[in-house]
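When you get a sec, could you give me coordinates for this:
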Amino acid sequence: MQPFRVSDPVPLETFPTVLSGAIERSGLSLEHLQRKLAGEGIRVSLSTLSYWRRGRTRPERPESLRAVEVIEEVLKLPHGYLVALLGPRKPRGRWVARGGLVRPHESLWDSTNGLAPVLSELSEPAPGELTYLSVHDQHFLDHNGRDVRTRVRMLIRSEVDQLRSMVVLHRAEETDRALPAVLTGSGCAVGRVRPVTASRFTVAEVLFDRSLAAGQTAVFEYEVRWFGQARSSRFSRGSRRAFRDYLAEVNFHPSTLPTSCYAYAQESAEDPEVHRETLEPGSYGGVHTAVQGSESAIHGIRWTW
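Numbers count the residues shown, from 1 in each chain. Model (predicted):
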């Protein structure tokens with residue numbers, strides 16, 4: 001079992017996520033978009049449209065920007081909306097989170113079916129409205145080596161006035177008997193919760209204990225309950241933005257300790273894991289890894305029994 005447990009706490013609005021969500025809501029295929037573009041004298045390959053949608057490449061040439069304007073019209077988006085999300089032209093190369101850019105969800109998980117419309121329904125901060133100063137995950141396993149719960153503690157700063165909430169995503173393993181449950185902890189409340197069974201996500205609003213003004217910070221905790229049925233072998237957090245400070249703890253049951261354990265990082269879900277450090281459980285069965293200023297998309301702890 002290789003559970004990919006905790007997801008990005010910063011689901012922000014970007015060109016690929018807005019484009020993908022608009023396509024899903026419209027029910028149109030990429031082939032239909034391609035025909036519409038061809039009708040306007042604009043030739044764009046299906047692979048290019050797919051890359052734009054997934055955030056692998058971005059439209060930059062004048063003809064590509066014309067194509068985006070037509071796509072806005074076809075998908076009934078406000079004129080200039082997608083173009084504005086592109087911002088200034090970026091250096092050539094792979095478009096990943098550097099200097100504030102936000103990764104597409106597809107870079108973190110192998111499947112995000114049904115996720116975009118749910119994210120568009122819930123209230124989530126726009127790009128630049130919220131900064132995550134610190135994230136601390138405490139993950140617990142039972143005596144059978146199964147995932148039981150995760151305590152999540154966050155320190156955030158508002159960059160705008162009247163910020164009231166954020167959105168979190170947590171994903172179950174294929175063998176789990178139910179989707180994870182998100183429970184209120186301290187300094188916050190859980191608002192609307194939406195299951196996405198197609199890709200095994202629970203998406204939840206986290207409501208702050210007050211409305212934040214620009215520059216104000218908030219610290220809060222919430223808990224995730226897991227319903228694992230098989231032994232776990234990994235705990236991970238995927239981030240659409242670069243980490244500032246991240247601390248991951250895994251607490252094994254004293255009667256069921258792993259034979260080996262290490263921390264790792266990945267550039268995306270499709271890239272290989274990079275070994276960061278070997279970990280050994282302490283006297284009470286815990287291991288941890290601390291990350292500061294990393295730009296890797298995924299950080300985790302893996303173990304064997």
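
helix/strand/coil for the nearest residue to Ala116 once chain neighbours are set aside?
Setting aside the residues directly before and after it, Ala116 is nearest to Gly21 in space (CB to CB, 6 or more residues apart in numbering), at 3.5 Å. In this view, the C-beta of every residue, glycine as well, is placed from N, C-alpha and C. Classification of Gly21 by DSSP: H, G, I helix; E, B strand; the rest coil places it in helix.

surely Gly21 meets Glu121?
No. Between Gly21 and Glu121 there is no contact under CB atoms under 8 Å: 10.1 Å.

Same drill for those two, tell me which one is more crowded.
Gly21 (19 against 12; other CB atoms under 10 Å).

For that one, report the pLDDT, please.
Listed pLDDT for Gly21 reads 88.

neighbours around Leu30, how many?
The burial count for Leu30: 17, using other CB under 10 Å.

Can you check the pLDDT for it?
pLDDT, Leu30: 87.

wait, doesn't it sit right on Ser50?
Yes. Judged on CB under 8 Å, Leu30 makes contact with Ser50 at a distance of 6.3 Å.

and the gap between Gly80 and Pro125?
Using CB to CB, to the nearest Å, one obtains 21 Å as the distance from Gly80 to Pro125.

neighbouring contacts of whichever strand or helix holds Val118?
In the assignment (DSSP states H and E), Val118 maps to helix 115-121. Helix 115-121 is contacted from outside by 11, 17, 20-21, 24-25, 105, 167, 169, 194, 196, 199, 201, 203, using CB atoms under 8 Å, 6 or more residues apart in numbering.

Show me which of the residues you listed is closest to Ala297.
Closest approach to Ala297 among the contacts of helix 115-121 (CB to CB): His105, at 10.7 Å.

Show me where this structure has its strands.
According to DSSP state E, the chain carries its strands in the segments 130-141, 147-158, 163-171, 181-184, 188-196, 201-212, 217-225, 234-238, 245-251, 260-266, 274-278, 286-292, 298-304.

And the ones you listed: which comes nearest Gly39?
Closest approach to Gly39 among the strands of the chain (CB to CB): strand 188-196, 34.3 Å.

I figured Ser50 was touching Ser29, is that so?
No. With contact defined as CB under 8 Å, Ser50 does not count as touching Ser29 (11.1 Å).

mind listing what the residue nearest to Arg225 when sequence neighbours are not counted touches?
Once flanking residues are discounted, Arg225 sits nearest to Ala181: 4.3 Å by CB to CB, 6+ apart. Shown in contact with Ala181 (CB under 8 Å, 6+ apart): Thr202, Val224, Arg225.

Next one, pLDDT for Ala181 please.
For Ala181, the predicted pLDDT is 96.

what does Gly93 give?
34.

Then Gln162?
Gln162 carries a pLDDT score of 91 in this model.

ok, it - contacts?
When contacts are counted by CB under 8 Å, 6+ apart, Gln162 touches Ser211, Leu212, Ala213.

Let's see if you can find the most crowded of those residues.
Leu212 (22 neighbours).

Just list whatever residues bridge to that residue.
Beta bridges link Leu212 to Leu163 when assigned by DSSP bridges.

how about it, what does it touch?
Ser158, Asp161, Gln162, Leu163, Arg164, Ala218.

Which among the contacts of Ala181 count as buried?
Thr202, Val224 (16 or more other CB atoms under 10 Å).

of the contacts of Ala181, closest to Arg276?
The shortest approach to Arg276 among these belongs to Val224, at 23.7 Å (CB to CB).
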